[in-house]
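> how does the following fold in three dimensions:
(2 chains)
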2 protein chains.
Amino acid sequence: MTEFELIDRLRKWMPTNASTRVGAGDDCAVLDLGLADRWVLFKTDAVVEGIHFEPDADPFWIGHKALARCLSDVAAMGGTPGHALVTLGLPTAFDPARVEGVYAGMQRLAQRHGVAIVGGETTSNPERMLISLAVIGTAGHGRCPLRSGAQAGDALFVTGELGGSLESGRHLSFEPRLVEARWLVERFEIHSMIDLSDGLAGDLRHVLTASGVGAEIFADAVPIHPAARSQAAAEPGSRPVRSPLHQALCDGEDYELLFTLPVREEARLREAWKSSFPELRLTPIGRICPGSAVLLKDQQGTHPLTLDGYTHF
Amino acid sequence: MTEFELIDRLRKWMPTNASTRVGAGDDCAVLDLGLADRWVLFKTDAVVEGIHFEPDADPFWIGHKALARCLSDVAAMGGTPGHALVTLGLPTAFDPARVEGVYAGMQRLAQRHGVAIVGGETTSNPERMLISLAVIGTAGHGRCPLRSGAQAGDALFVTGELGGSLESGRHLSFEPRLVEARWLVERFEIHSMIDLSDGLAGDLRHVLTASGVGAEIFADAVPIHPAARSQAAAEPGSRPVRSPLHQALCDGEDYELLFTLPVREEARLREAWKSSFPELRLTPIGRICPGSAVLLKDQQGTHPLTLDGYTHF
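Reported below is the predicted structural model:
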């Protein structure tokens, strides 16, 4: 049973109420607590030693990653994070200095984005460190791009460069795209948005399934991170070669933004982006199409994109 | 290093911001998100297999406990819970039916209190199940009894009966005192409140330290749960006898309310409580005093209460 099959099975056990705008199934839950012009965003996420970080990883970057993953989900809703709580599961013999290092990483990232760390909880998790974050944020009423909003004809964009995140260490040190996402939702009619944690192929499918549409990806346009190219070159001796493109589509943990907007906005977006974020690539990689097929167009023609994204089991 | 020493050490790494009314150190964080008459409460907590529940515990009650612990903290702030997120850490080979059982327990409790479960996250935690809950609630402006509000001269009350929580299974099946706590804050000048998770002796100290006061406990008044009495009787053959009183003071996981209010309110409270909650005991167990001493008064005289509460390491 995959992570996603399990989550589907659990949904029927999740009661809702009148103030819930969006429950399970998007990057954040969206709540209407009665604020005049803001919705409240609510998100939790956990990183586990040996799964999401190696035991010898720098504690500072472990802490950074733990918080940054939640902030990246707030970014995907075009929101502003405000408050975080930290639940720490600690092995029987833990080093307090290592735990402080984790907090130092969270602190620096939190401060940079005006986020208060308002407490948390410690518990024993005897075999490995586990850090679970909960974050509250807000977003403007009607300014929350959901996974379900993609429309046939939309242009599909991605920020940054994809693939080789583990090898390059970006899975620890990435910067959540909060500023860029708010800039987008304030200036453009963003139909749908998601942050890339499971890999472009996997996360694109989440958007398409939620929206009831298909997509066409231009293989040559996918922005490949240099780490994916060098990794592909270094691999032949050890394990089956995965092409740089395959890595960019499937590696996961890129934490870039994938979003769609009407094609008529494309030119204006590319122009405005260049002057606002000259150092971050923004790439149109395809189109949203009617139906449910996901196609990859390359020089050999058009093929179904059957690659699966990275899953956490 | 104890849980509390570690938390103290971590506090300096927690940035704050203008909308934070209460950060780390109370039952919930208290946030001012701009609602006219409500504050937002924010709480996380985790239960871990082998620590907070046995591997063969009924999944329904594991789920119940995981959510009920957070709701008990919302109760201690006089609040109303609204939304919850669930982060599940699952062993490599997990039984989906067991996970659904956990959700069934959360669902029933959530529905009873109008709480929506708005999503969550699953991850691998190879050796044991871990369930981390995050809860958002609200409370009236100025109606949030904090740990720091106890005043010399206050009467000290506790709901229910204490001790033997593990042996009687109440540590799994307890009912968070949400209704009773809201009733209290709406009708009485509650100066301070906390829910009893670490044991009366330990949690009382949290209140006294935060408030800068001491207390005198009347040993004969402490309401002892029948499970603590039978446990004490059964113990002689196996391990050192702990008196029923010792268990009531120190066992922990009672999840009852401990609160203080002006002595002049005492008679009115006891009368009103009896007609509103005839089936739940409410017991005056002592007084808040100037200074910092915590004294236990019994038939032999007055002694310092040196017993420590249960800690989670």
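> in the stretch 51-200 of chain A, where is pLDDT below threshold?
Judged against pLDDT under 70, the stretch 51-200 of chain A has no low-scoring part.
> residues of it that sit close to chain B?
A:51-52, A:82-83, A:85-87, A:89, A:96, A:99-100, A:103-104, A:106-107, A:110-111, A:114-128, A:130, A:132, A:134, A:136, A:138 (C-beta under 8 Å from any C-beta of the partner chain). Every residue, glycine included, has its C-beta placed from N, CA and C.
> quick one, phi psi at A:Gly164?
Phi and psi for A:Gly164, reported as degrees, to the nearest 10, are phi 70, psi 30.
> how far away is it from chain B?
22 Å (C-beta to the nearest C-beta, to the nearest Å).
> just A:Glu49 next, same as before
9 Å.
> does that residue really touch A:Pro55, like I thought?
Yes: A:Glu49 is in contact with A:Pro55 according to C-beta atoms under 8 Å; the separation is 5.7 Å.
> please enumerate the shared neighbours of these two.
A:Arg128 (C-beta atoms under 8 Å, 6 or more residues apart in numbering or on different chains).
> between these two, who's got more neighbours?
A:Glu49 (19 against 10; other C-beta atoms under 10 Å in any protein chain shown).
> point to the residue nearest the middle of chain A.
A:Asp195 (2.7 Å; C-alpha atoms, centre = their mean).
> what about that one, distance to B:Arg21?
Counting by C-beta to C-beta, to the nearest Å, the separation of A:Asp195 from B:Arg21 is 30 Å.
> tell me the bridge partners for the residue nearest to the centre of chain A.
Beta-bridge pairing of A:Asp195 under DSSP bridges involves A:Leu257.
> tell me the contacts of it?
A:27, A:72-73, A:75-76, A:176-177, A:203, A:255-258.
> narrow the residues you listed to those in helices?
In this view, these that belong to helices under DSSP state H are A:72-73, A:75-76, A:203.
> using the centroid of chain A, identify the residue furthest from it.
A:Ala93 (32.7 Å).
> Provide the secondary structure category for that one.
coil (DSSP: H, G, I helix; E, B strand; the rest coil).
> can you pull the contacts of it?
By C-beta under 8 Å, 6+ apart, A:Ala93 has no neighbours at all.
> quick one, domains of chain A?
A:3-140, A:147-304 (automatic domain parsing).
> out of those, which comes closest to B:Pro226?
Closest approach to B:Pro226 among those (C-beta to C-beta): domain A:3-140, 29.3 Å.
> so where is the stretch 201-313 of chain A shaky, pLDDT-wise?
For the stretch 201-313 of chain A (pLDDT under 70), the answer is A:231-241, A:307-313.
> tell me which stretches of it form strands.
A:214-218, A:257-262, A:282-289, A:294-298, A:301-304 (DSSP state E, counting those that start in this stretch).
> list the helices and strands the third one packs on?
It refers to strand A:282-289. On a contact count with 3 or more C-beta pairs under 8 Å, 6 or more residues apart in numbering or on different chains; DSSP states H and E, strand A:282-289 meets strand A:154-159, strand A:214-218, helix A:266-276.
> please identify the most buried of the ones you listed.
strand A:154-159 (a mean of 24; mean count of other C-beta atoms under 10 Å in any protein chain shown).
> tell me where chain A has helices.
A:3-10, A:59-76, A:96-112, A:165-168, A:170-173, A:178-187, A:200-211, A:226-234, A:244-250, A:266-276.
> out of those helices, deepest packed?
By mean count of other C-beta under 10 Å, these have helix A:59-76 as the most buried, with a mean of 26.
> helices and strands around that helix, which ones?
strand A:38-48, strand A:80-90, helix A:96-112, strand A:130-140, helix A:170-173, helix A:178-187, strand A:192-195.
> export these as CSV, with columns for distance to B:Val207.
Below are those laid out as CSV (distance: least, C-beta to C-beta, whole Å):
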stretch, distance to B:Val207
strand A:38-48, 29
strand A:80-90, 21
helix A:96-112, 26
strand A:130-140, 25
helix A:170-173, 40
helix A:178-187, 38
strand A:192-195, 42
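> out of the ones you listed, the one nearest B:Glu189 is which?
strand A:80-90 (28.6 Å).
> orientation of that closest one relative to helix B:3-10 in degrees?
140 degrees (axes from the mean of the first three to the mean of the last three C-alpha atoms, to 10 degrees).
> now strand A:80-90 against helix A:96-112, angle please.
Going by the same axes, to 10 degrees, strand A:80-90 makes 170 degrees with helix A:96-112.
> adjacent strands (with direction) for strand A:80-90?
For strand A:80-90, pairing defined by DSSP bridges yields strand A:116-124 (parallel), strand A:130-140 (antiparallel).
> and the angle for the first one with helix B:59-76?
With the same axes, to 10 degrees as the basis, strand A:116-124 and helix B:59-76 are set at 140 degrees to each other.
> just the longest one next, same as before
Angle of strand A:130-140 versus helix B:59-76, following the same axes, to 10 degrees, is 60 degrees.
> rewinding a little: B:Arg11: which of the domains of chain A is closest?
Closest among the domains of chain A, using C-beta to C-beta: domain A:3-140, at 8.9 Å.
> tell me the spacing between A:Leu67 and A:Met193.
Distance from A:Leu67 to A:Met193, by C-beta to C-beta: 20 Å.
> over to A:Arg182?
Going from A:Arg182 to A:Met193 by C-beta to C-beta gives 11 Å.
> do the same with A:Leu109
For A:Leu109, the distance to A:Met193 - C-beta to C-beta - is 21 Å.
> go on, A:Ser276?
17 Å.
> related to what we said a few turns ago, now the common contact residues for A:Arg182 and A:Met193.
A:Gly78.
> can you tell me the residue of the stretch 151-300 of chain A closest to chain B?
A:Ser197 (10.4 Å; C-beta to the nearest C-beta).
> so what's the residue count around that residue?
24.
> could you do A:Glu127 as well?
Other residues close to A:Glu127 by other C-beta under 10 Å number 15.
> surely it and B:Ser124 touch.
No: between A:Glu127 and B:Ser124 there is no contact under C-beta under 8 Å: 11.9 Å.
> gap between the two ends of stretch A:43-52?
Stretch A:43-52 has an end-to-end distance of 18 Å (C-alpha to C-alpha, to the nearest Å).
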